[in-house]
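>>> Got a sequence here, can you build the structure:
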Amino acid sequence: MSVREKESHNAMILLAACLAMIALSGVQAFGSEITDISTVPTDSWLYNELDWLLLNPPADKYMQLSTRPYSRDELRLIAEDSEKRGRVAEWKRAQILADFDKIVWYAPKQIPELQFRFRTSPFSMMHFADTLEPLYRVGVKQEFALSYKNNLTFYVRGRLENKGELDSFNRARKWEDKLTGYFDYALISFKKSGFFIQYGRSYRIWGPGDTDRLLLSGNSPSFDQLYARFAYRRFMIQTFLTRLNDFHPAEDTTYQRYFAAHRISLRLRSNLEIGISETALYGRQGSGPEMYYMNPILPYYWEQYNSGQDDNIYIGLDFVWWPFKGTRTYGELMIDDFQIDFVSEAQQVGYDVGVSSNGFAGTDRLRFDFQYTHVMNYIYGQIYPRNIYTNRGVIIGSSLGPDADRTRLKAQYAVSRYFTLNAGGMFARRGEGRITDPQLGGVPKGEKFPSGTVQETLKLNLGLSVIFAPLLDIRLDAGYFKVNNPDNLTGRIESPFLDLSIHYDFQRWFLF
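Below is the predicted model:
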């Protein structure tokens with residue numbers, strides 16, 4: 001290990017130690033109630049129900065919503081504060097709070113100080129289409145959370161399944177060509193006043209979009225990270241650091257790849273939240289992480305420019321605005337390698353806009369969603385392959401990728417607390433641009449979008465969602481899809497399809 005790499009390694013240890021000292025300084029200040037601040041996994045049914053509640057701003061004027069995953073405590077508070085907002089809001093609120101009704105297998109007579117929670121979630125997914133072989137997936141997710149009083153929680157979730165390699169976020173090797181098993185969450189979380197600190201493995205999603213994000217999404221595998229957040233009234237600052245997979249351009253050459261991100265957000269008014277984020281992805285050969293990217297209040301763009309490096313820097317701007325009762329609008333703008341002179345080459349941008357609303361037809365049971373996502377060519381790529389915006393070969397940002405756009409429309413009707421009908425459509429275009437395309441010069445101006453032969457995908461579907469909280473989540477979707485020029489080659493694929501997924505949750509508590 002080189003001298004510089006040792007210094008950077010020691011700096012990371014020092015940073016972690018400082019955060020730990022802040023955490024440990026508050027251990028004696030614990031209250032008597034046990035609070036579960038473990039992470040709510042980003043694939044949980046709880047977010048689908050919560051999204052109905054967030055058609056209106058949270059009652060807590062300091063609560064911010066544009067980063068996920070939430071902790072269980074945060075999600076519970078949002079639900080508890082969402083009273084008297086209509087029949088459907090009450091249904092969804094009841095569904096969420098049902099997951100917090102403790103079924104305790106053991107509890108002492110005295111006031112407990114330790115809480116152990118486990119959840120076992122077997123699941124099955126099936127996909128049928130005329131043009132594809134039937135797909136059958138089964139598996140189980142197992143999570144454990146150990147909470148000490150109201151500040152400290154240890155949380156881990158593992159998953160074992162067949163066909164897990166089909167997920168973009170999969171981080172496992174197949175066992176005997178049949179099963180995959182891995183831990184996608186493993187976290188130590190500490191909260192005291194406005195400080196929240198996590199160390200371990202988790203996803204990190206920034207941005208307000210309903211189904212996808214441009215800067216940080218759940219598309220790639222989870223990060224092994226050191227994360228910290230501070231919130232005071234309407235202000236919040238967040239940062240995290242992680243090391244990605246190494247890059248090997250030759251058999252005897254290795255680049256260590258690092259990723260840093262920070263974000264400042266404000267709840268300007270009770271109905272308006274704005275945020276600005278910045279990320280840096282860079283590779284180094286034997287020198288360790290850069291100290292200036294470990295500083296949460298230094299602008300990455302300027303530090304990269306002044307140091308003479310050519311790292312992959314992204315800037316993100318986003319907002320959530322509730323202009324009317326029952327209506328949420330949002331937007332996200334991402335800039336790749338911002339050109340400060342606005343002349344040398346075209347700006348590389350992606351943007352996402354959307355609106356969700358209910359009550360148009362005189363009933364809060366009917367909801368409409370619209371979203372448009374546009375990602376220019378050359379986004380996520382870079383002149384140096386080691387700096388391409390990927391984690392384990394998967395784009396860290398939008399699953400759409402570069403040189404593409406997508407329009408989504410959806411209508412939902414809440415039949416009752418447990419049943420929701422939906423109908424929708426999606427149309428996407430994808431050009432020939434790829435993140436691995438060589439970028440030897442500046443980005444050309446006036447280039448056709450999408451480029452080359454364009455793949456066009458149309459999908460129409462009808463669906464039914466059945467959620468008997470907190471036990472059962474069933475999704476049924478049937479529809480039709482058509483792909484013109486698949487993989488940007490002349491041709492067509494079209495077929496009806498049927499998707500069915502069943503998730504069962506078994507959850508219990510032990511108090512000590």
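>>> In space, what's closest to the residue nearest in space to the middle of the chain - neighbours in sequence excluded?
What sits nearest the mean C-alpha location of the chain, by Cα atoms, centre = their mean, is residue 205, with 3.1 Å. Of all residues not flanking residue 205 in the chain, residue 68 sits nearest, at 4.3 Å (Cβ to Cβ, 6 or more residues apart in numbering). Placement of C-beta: from N, CA and C, glycine included.
>>> check contacts around the one you found.
Taking Cβ atoms under 8 Å, 6 or more residues apart in numbering, we find residue 68 in contact with 42, 47, 203, 205.
>>> hang on, the earlier thing: go ahead and confirm the residue nearest to the centre of the chain touches residue 216.
Yes - if you go by Cβ atoms under 8 Å, residue 205 and residue 216 touch, sitting 5.7 Å apart.
>>> For residue 46, what are phi and psi?
Backbone torsions of residue 46, given as degrees, to the nearest 10, read phi -60, psi -30.
>>> wait, isn't it in contact with residue 39?
No - counting by Cβ under 8 Å, residue 46 stays clear of residue 39, with 11.5 Å between them.
>>> Between the two, which contacts overlap?
With contacts taken as Cβ under 8 Å, 6+ apart, residue 46 and residue 39 have no neighbour in common.
>>> So the residue nearest to residue 257 when sequence neighbours are not counted versus residue 407, what's the distance?
Leaving aside its sequence neighbours, residue 257 sits nearest to residue 244 (Cβ to Cβ, 6+ apart; 4.1 Å). Using Cβ to Cβ, to the nearest Å, residue 244 is found at 32 Å from residue 407.
>>> So between the two, which is more surrounded?
Here residue 244 and residue 407 are compared on neighbour count by other Cβ atoms under 10 Å; more neighbours surround residue 244, at 21 against 14.
>>> ok so, going back, do you know the pLDDT at the residue nearest to the centre of the chain?
What the model reports as pLDDT for residue 205 is 95.
>>> Contact partners for it?
42, 67-69, 213, 216-218.
>>> just curious, which of those residues is nearest to residue 229?
Nearest to residue 229 among the contacts of residue 205, counting by Cβ to Cβ, is residue 67 at 8.4 Å.
>>> Ignoring the adjacent residues along the chain, who's closest to the closest one?
In space, and not counting its chain neighbours, residue 67 is closest to residue 206: 5.2 Å by Cβ to Cβ, 6+ apart.
>>> Just list whatever residues bridge to the one you found.
With DSSP bridges as the criterion, residue 206 is bridged to residue 67, residue 216.
>>> Next, find the distance separating the residue nearest to residue 257 from residue 277.
Going from residue 244 to residue 277 by Cβ to Cβ gives 18 Å.
>>> Same question for residue 125.
From residue 125 over to residue 277 the distance is 33 Å, taken as Cβ to Cβ.
>>> And those two? Which one has more around it.
Shown here are residue 125 and residue 277; by other Cβ under 10 Å, residue 277 has more neighbours (23 against 18).
>>> What residues of the helix or strand hosting that one count as buried?
Assigned by DSSP states H and E, residue 277 belongs to strand 272-284. Judged by neighbour count (16 or more other Cβ atoms under 10 Å), strand 272-284 contains these buried residues: 273-275, 277-284.
>>> Identify the residues contacting the residue nearest to residue 309 when sequence neighbours are not counted.
Among residues not flanking residue 309 along the chain, residue 282 sits closest, at 6.9 Å (Cβ to Cβ, 6+ apart). Residue 282 sits next to 257-258, 290, 293, 304, 309, 311-312, 387 when contact means Cβ under 8 Å, 6+ apart.
>>> same thing but at 6 Å, please
Counting by Cβ atoms under 6 Å, 6 or more residues apart in numbering, residue 282 touches 258, 311, 387.
>>> The helix or strand where residue 456 lies: how far from the chain's middle?
Element membership for residue 456 (DSSP H and E) is strand 455-468. On the basis of Cα atoms, centre = their mean, to the nearest Å, strand 455-468 sits 21 Å off its chain's mean C-alpha point.
>>> partners of it in the sheet?
strand 419-430 (antiparallel), strand 472-484 (antiparallel).
>>> Other residues contacting it?
For strand 455-468, the external contacting residues (Cβ under 6 Å, 6+ apart) are 45, 418-430, 473-485, 488.
>>> In ChimeraX, how would I select the buried members of these?
Remark: buried members of those, expressed as a ChimeraX selection using 16+ other Cβ under 10 Å:
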select :45,420,422,424,426,428,429,430,473,474,475,477,479,481,483,484,485,488
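>>> Now for residue 105, how many residues are close by?
The local packing of residue 105 (other Cβ under 10 Å) involves 11 other residues.
>>> Look up how far residue 115 lies from it.
Separation of residue 105 from residue 115 (Cβ to Cβ): 12 Å.
>>> Equivalent analysis for residue 422, please.
In this view, residue 422 and residue 115 are 36 Å apart by Cβ to Cβ.
>>> cool, and residue 417?
Residue 417 is 28 Å from residue 115, by Cβ to Cβ.
>>> Do a quick rundown of the strands in the stretch 1-150 of the chain.
Ranges of strands in the stretch 1-150 of the chain, per DSSP state E, counting those that start in this stretch, are 67-68, 104-106, 114-129, 135-148.
>>> Minimum distance to residue 265: which of these has it?
Comparing the strands of the stretch 1-150 of the chain by Cβ to Cβ, strand 67-68 comes nearest, at 7.7 Å.
>>> Can you add distance to residue 456 and mean pLDDT and give the strands of the stretch 1-150 of the chain back as CSV?
Converted to CSV, the strands of the stretch 1-150 of the chain look like this (distance: least, Cβ to Cβ, whole Å; pLDDT from 0 to 100):
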stretch, distance to residue 456, mean pLDDT
strand 67-68, 31, 92
strand 104-106, 54, 79
strand 114-129, 18, 94
strand 135-148, 24, 95
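>>> so residue 70 makes contact with residue 39?
No - judged on Cβ atoms under 6 Å, residue 70 makes no contact with residue 39 at a distance of 7.8 Å.
>>> Tell me which of these two has more neighbours.
Using other Cβ under 10 Å, the more surrounded residue of residue 70 and residue 39 is residue 39, with 23 against 20.
>>> what separates that one from residue 203, distance-wise?
To residue 203, residue 39 is 9 Å away according to Cβ to Cβ.
>>> again with residue 112
30 Å.
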